[in-house]
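Enquirer: using only what follows, build the 3D model:
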Amino acid sequence: MATTKWSIDPAHSEIQFKVKHLMITTVTGYFQKFNLEVETEEEDFTKASSIVFTADVDSINTNNEQRDTHLKSADFFDAENHGQVKFVGKDFEQSSGDEYKLNGELTIRGTTKPLTVNVEFGGIVVDPYGQTKAGFTVDGKINRKDFGLTWSAVTEAGSVVVSDEIKLHAEIQLVKQG
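Expert: Numbering: from 1, shown residues only. You can find the predicted model right below:
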């Protein structure tokens, strides 16, 4: 079986996270610089031999410069000492139809924990330029405190400023290499 290499198409992909603020609204943030490299047998993602995703912490954007600076600080991601978030996929297994589970390990701030995300496989197509592309929608959630993002504050009324649960969402388009 031939190994097929895939790389992310950053122009047609996005990586976002959502967190409750004051427990009444949700703030969305994005990683603007990220990479994903996948190796499969032929075009079968359930036979992936390598799945490695990285995101540049300094590329966080929540549309608020002050908040972004705080997120990059030692209170949260500590970008100066831990410049990347990394996910290494271990296995990609079909649940039903186009629904899959991707099991792997997520590393944030030097802490690595197992993580399973839900993946919807959008299919494989050839674009107008002759490139073979594969599409995926990824959803998951983590507890930020499991990864050392422990900063917390409470309002005078007793409301939590930032929830512990972080929702993860990604739209991924991969391009077949070679």
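Enquirer: can you verify Lys133 is assigned to a strand?
Expert: Yes - checked against DSSP: H, G, I helix; E, B strand; the rest coil, Lys133 lies within a strand.
Enquirer: show me what contacts it?
Expert: Residues in contact with Lys133 (CB atoms under 8 Å, 6 or more residues apart in numbering) are 9, 12, 124-127, 173-176. From N, CA and C alone the C-beta is placed, and that goes for glycine too.
Enquirer: so which residues of the chain form helices?
Expert: Listed in chain order, the helices of the chain (DSSP state H) span 65-72.
Enquirer: for the chain, give me the ranges with low pLDDT.
Expert: Along the chain, segments meeting pLDDT under 70 span 1, 153-161.
Enquirer: thinking again about what came up before, pull out the buried members of the contacts of Lys133.
Expert: Neighbour-count burial (16 or more other CB atoms under 10 Å) applied to those gives 9, 173-176.
Enquirer: as JSON lines, those with distance to His70 would be great.
Expert: As requested, the buried ones among the contacts of Lys133 are exported to JSON lines (distance: CB to CB, whole Å):
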{"residue": "Asp9", "distance to His70": "31"}
{"residue": "Gln173", "distance to His70": "31"}
{"residue": "Leu174", "distance to His70": "33"}
{"residue": "Val175", "distance to His70": "35"}
{"residue": "Lys176", "distance to His70": "39"}
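Enquirer: didn't Gly123 look like it was pressed against Thr132?
Expert: No - Gly123 is beyond contact range of Thr132, at 11.1 Å (criterion: CB atoms under 8 Å).
Enquirer: these two: which has the busier surroundings?
Expert: Per other CB atoms under 10 Å, whichever of Gly123 and Thr132 has more neighbours is Thr132, with 15 against 9.
Enquirer: quick one: the contacts of Lys133 as TSV, columns for distance to Gln32 too.
Expert: Compiled in TSV, those are given as follows (distance: CB to CB, whole Å):
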residue	distance to Gln32
Asp9	15
His12	14
Ile124	26
Val125	26
Val126	28
Asp127	23
Gln173	16
Leu174	18
Val175	19
Lys176	24
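Enquirer: Gly110 touches Gln84, doesn't it?
Expert: No - counting by CB under 8 Å, Gly110 stays clear of Gln84, with 10.5 Å between them.
Enquirer: higher neighbour count, these two?
Expert: Gln84 (19 against 10).
Enquirer: contact partners for the more buried one?
Expert: Here Gln84 is in contact with 54-57 (criterion: CB under 8 Å, 6+ apart).
Enquirer: how near is the nearest residue to Ser73 once chain neighbours are set aside to Lys90?
Expert: If you skip the residues right next to it in sequence, Ser73 has Ala79 as its closest partner in space, 7.7 Å away by CB to CB, 6 or more residues apart in numbering. Using CB to CB, to the nearest Å, Ala79 is found at 27 Å from Lys90.
Enquirer: fine by me, we can end here.
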